[in-house]
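Need coordinates for the below:
(2 chains)
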2 protein chains.
Amino acid sequence: MTTPHIALLGLGLIGSSLGHAFKRHGLASGIRGYARSRETREAALEIGCVDSIHESATAAVHDADVIFLNVPLSAIRPLVTEIMPALKSGAIITDVGSVKASVIDAIMPILREDVYFVPGHPIAGTEQSGPYAGFAELFEGRWCILTPSSETNLHAIEMVAGLWRAIGSDVEFMEPHHHDLVLAITSHLPHLIAYNIVGTAADLEADTRSEVIKYSASGFRDFTRIAASDPVMWRDIFVQNKDAVLEMLGRFTEDLTALQRAIRHDDGETLENMFRRTRAIRKSVIEAGQDVSLPDFGRGQVAPK
Amino acid sequence: MTTPHIALLGLGLIGSSLGHAFKRHGLASGIRGYARSRETREAALEIGCVDSIHESATAAVHDADVIFLNVPLSAIRPLVTEIMPALKSGAIITDVGSVKASVIDAIMPILREDVYFVPGHPIAGTEQSGPYAGFAELFEGRWCILTPSSETNLHAIEMVAGLWRAIGSDVEFMEPHHHDLVLAITSHLPHLIAYNIVGTAADLEADTRSEVIKYSASGFRDFTRIAASDPVMWRDIFVQNKDAVLEMLGRFTEDLTALQRAIRHDDGETLENMFRRTRAIRKSVIEAGQDVSLPDFGRGQVAPK
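Now for the predicted structure:
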């Protein structure tokens, strides 16, 4: 493929990391950046994750071959509406949103016939936000899921998939609703639960709350890390993946109610059987190479060397 | 204090780690070990976490000054009943159980007048179990909470606290019911929720389940780690800390229902406000030095160097 002009719209953790990665691997003939806030634009220039910065999205997409939308889900449709008239013919739009069906529904009706859209979702991130949190290696060895339809232009798919692979990602293709269901249980529900338990702790009386923080290494700490993720991004995810999240949350609550009942009735056997079953899943995760480290955990301790 | 004879009853992760740590720091004039299963006894001898191994708890406590009970909560009372006649006058019993009020209720009525009991709980562990998982550094820099009453012999408290400090722990004193409440939210509820969400995922149809494992780095993985903890130990914790766990679980469920309602009604504002609040707690955890690392997390990525 020829080296494309790339526009990065949104320069938070993901956008700035894309800029760093494309630069490191020499994948763009130029990277133009746009962010809504001036602070972010100035930060992006300072750290050099783009070649030029622009005060409007329209200016940033000028002459761009590939446009990455790295903004919260709720900002995608207005942004695409704004840039559509300014795109050159043959331009390829892609995104990094954590929900896919709603993004596709938002963009397809306003897409010009000579412009292409390849929906994408890199399974990569940290609990940090903003341009300073970005780094070139963010996507290395991580999955990037693309959810094009059977009608999506193949050249456009190849261009987007090629860029992700070139910065170290493993690309997979998935049907958008199925993506949203899988992510509801692997990512969205875990985040909701983490936010929730940290909120429950925040409501305790002050004395107890400070002890909860002091002894957080016993399990709670891992949840606080997840619950530190970007609030706007996650607000949008839950609203836009409502059906799948409510479906998985319903199952979770049913199961939790059964555990609650077992505890109330001193039913140790039910508890133990349940706890044995979940060990098998952990084994599968390790076997699938999804947890190579042996990290800090549980009752709160670093693992042996 | 004089160098005591120590008996370790139970040689899993905690018991074997205590043995390694006491040996490394030269804190015992002898360490006698006992475990119910022959495999564990043989493993303990092989790895050398005790000086001698015994086929009965009664034999292991012979001449012991300090006896550590490192067994699941439900095994504590039968074990103490068994060893009580064999203890020498002035012996000190301590335990490492994750629930304190129920252990105290189990032991105090059967305690001889010339024997002392100092309830303890090291906030340390990994998701590994068994003697081979133990290591001498397990307790370094971790809290150990002791919950003696105002009537507990001061020499006995000092002996137990001194041993924990000598292997690197920070010792804190707490009222037993308050300990159980704090641990219910920092440790027991997080484990219950982790077990539960992993169980919910395990019930998905096979295709989806394998994708959940494949993409587990997006949040789910952290829960599988917690949900790999020892099933018998955790069964006992939930049964023995029933009241505090049900109290915290009730609050958690109320809060989760409110979030569910916000999602159903597209109430992004409520969600965002909630997600902003939890960030402050994360900050406190980091400030309290309870998460010094910047570990793998969230949308599933290792943090920048």
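
Which residue is the nearest non-sequential neighbour of A:D267?
A:R261 (7.6 Å; Cβ to Cβ, 6 or more residues apart in numbering or on different chains). For glycine as for every other residue, the C-beta is placed from the backbone atoms N, C-alpha and C.

State the mean pLDDT of whatever helix or strand the one you found lives in.
Taking DSSP states H and E as the criterion, A:R261 maps to helix A:242-264. When pLDDT is averaged over helix A:242-264, the result is 97.

Show residues contacting it.
A:177, A:180-181, A:183-185, A:188-189, A:192-193, A:238, A:267-268, A:270-271, A:274, B:192-193, B:195-197, B:199-200, B:203, B:238-239, B:242, B:245-246, B:249, B:253, B:256, B:260, B:263-264, B:266 (Cβ atoms under 8 Å, 6 or more residues apart in numbering or on different chains).

returning to that earlier point: report how many residues lie close to the residue nearest to A:D267.
11 (other Cβ atoms under 10 Å in any protein chain shown).

which one is A:R279 nearest to, not counting chain neighbours?
B:A228 (5.3 Å).

what about that neighbour, which SS state?
Counting by DSSP: H, G, I helix; E, B strand; the rest coil, the backbone at B:A228 sits in coil.

My read is that A:L183 contacts B:G219, right?
No. Under the criterion of Cβ atoms under 8 Å, A:L183 makes no contact with B:G219, lying 9.1 Å away.

got the buried residues for the helix or strand containing A:T208?
Secondary structure assignment for A:T208, by DSSP H and E: helix A:206-214. Of the residues in helix A:206-214, A:209, A:211-214 count as buried by neighbour count, 16 or more other Cβ atoms under 10 Å in any protein chain shown.

Could you list every helix and strand in contact with that helix?
Applying 3 or more Cβ pairs under 8 Å, 6 or more residues apart in numbering or on different chains; DSSP states H and E, one finds that helix A:206-214 makes contact with helix A:189-202, helix B:176-183, helix B:268-287.

Which residues does it contact?
By Cβ under 8 Å, 6+ apart, helix A:206-214 touches A:201-202, A:204, A:220, B:143, B:178, B:181-182, B:185-186, B:281, B:284-285, B:288, B:290.

B:G168: which of those is nearest?
B:W143 (11.0 Å; Cβ to Cβ).

Close to chain B: what parts of the stretch 51-200 of chain A are there?
A:74, A:98, A:122-128, A:133, A:135, A:137-138, A:142-143, A:145, A:178, A:181-183, A:185-200 (Cβ under 8 Å from any Cβ of the partner chain).

try 7 Å this time
A:123-127, A:135, A:138, A:142-143, A:181-183, A:185-187, A:189-193, A:195-200 (Cβ under 7 Å from any Cβ of the partner chain).

so is A:S89 in a helix, a strand, or just coil?
coil.

Outline the domain layout of chain A.
A:5-174, A:178-287 (automatic domain parsing).

Got the phi and psi for whichever residue of the stretch 1-150 of chain A sits closest to chain B?
Relative to chain B, the nearest point of the stretch 1-150 of chain A is A:G125 (2.6 Å; Cβ to the nearest Cβ). Main-chain torsions, A:G125, degrees, to the nearest 10: phi 170, psi 170.

Then A:V232?
Dihedral angles (degrees, to the nearest 10) for A:V232: phi -70, psi -40.

Identify the residue nearest it in space, chain neighbours excluded?
Closest to A:V232 by Cβ to Cβ, 6+ apart is A:P72, at 4.9 Å.

Could you measure from the spatially most central residue of chain A over to A:I237?
Residue closest to the average C-alpha location in chain A (Cα atoms, centre = their mean): A:S98, at 4.8 Å. Distance, A:S98 to A:I237, using Cβ to Cβ, to the nearest Å: 5 Å.

ditto for A:L11
20 Å.

likewise A:I226?
A:I226 is 13 Å from A:I237, by Cβ to Cβ.

More neighbours: which of those two?
A:I237 (29 against 26).

I figured the residue nearest to A:R279 hits B:T126, correct?
No. Taking Cβ atoms under 7 Å as the definition, B:A228 is not a contact partner of B:T126, at 9.7 Å.

neighbours around A:F223, how many?
A:F223 has 31 nearby residues by other Cβ under 10 Å.

ok, it to B:A184 distance?
In terms of Cβ to Cβ, A:F223 sits 14 Å off from B:A184.

swap in A:S218?
Taken as Cβ to Cβ, the span from A:S218 to B:A184 is 11 Å.

okay, these two: which has more neighbours?
Set A:S218 next to B:A184 and count neighbours by other Cβ under 10 Å: A:S218 wins out with 28 against 25.

now that one, nearest residue through space, not along the chain?
B:S187 is the one closest to A:S218 (Cβ to Cβ, 6+ apart), at 3.6 Å.

now do A:A43
Counting by Cβ to Cβ, 6+ apart, the residue nearest A:A43 is A:P131, at 4.3 Å.

Looking at the domains of chain A, spot the one closest to B:S150.
Taking these one by one with Cβ to Cβ, domain A:178-287 is closest: 20.0 Å.

what separates the closest one from the chain centre, distance-wise?
18 Å (Cα atoms, centre = their mean, to the nearest Å).

tell me how far the ends of that domain are from each other?
23 Å (Cα to Cα, to the nearest Å).

again with stretch A:163-179
21 Å.

Buried residues, it. List them.
Going by 16+ other Cβ under 10 Å, stretch A:163-179 has these buried residues: A:163-164, A:167-169, A:171-172, A:174, A:176, A:178-179.

State the mean pLDDT of it.
Mean predicted confidence for stretch A:163-179 is 97.

Could you list the low-pLDDT ranges of chain A?
Per-residue confidence for chain A (pLDDT under 70) gives these ranges: A:1, A:291-305.

one more time with 90, if that's ok
For chain A, the stretches flagged by pLDDT under 90 are A:1-2, A:125-129, A:202, A:205-210, A:213-214, A:216-230, A:277-305.

now the helices for the stretch 1-150 of chain A?
A:13-24, A:38-47, A:57-60, A:73-83, A:101-107 (DSSP state H, counting those that start in this stretch).

Tell me the helices and strands packed up against the fourth one.
Helices and strands touching helix A:73-83, by 3 or more Cβ pairs under 7 Å, 6 or more residues apart in numbering or on different chains; DSSP states H and E, are helix A:57-60, helix A:101-107, helix A:231-240.

who's in contact with that helix?
Residues outside helix A:73-83 that contact it (Cβ atoms under 7 Å, 6 or more residues apart in numbering or on different chains) are A:9, A:57-58, A:61, A:69, A:71, A:93, A:95, A:97, A:99, A:102-103, A:106-107, A:110, A:236-237, A:240.

and these, which are buried?
For the contacts of helix A:73-83, buried by 16+ other Cβ under 10 Å: A:9, A:57, A:61, A:69, A:71, A:93, A:95, A:97, A:99, A:102-103, A:106-107, A:236-237, A:240.
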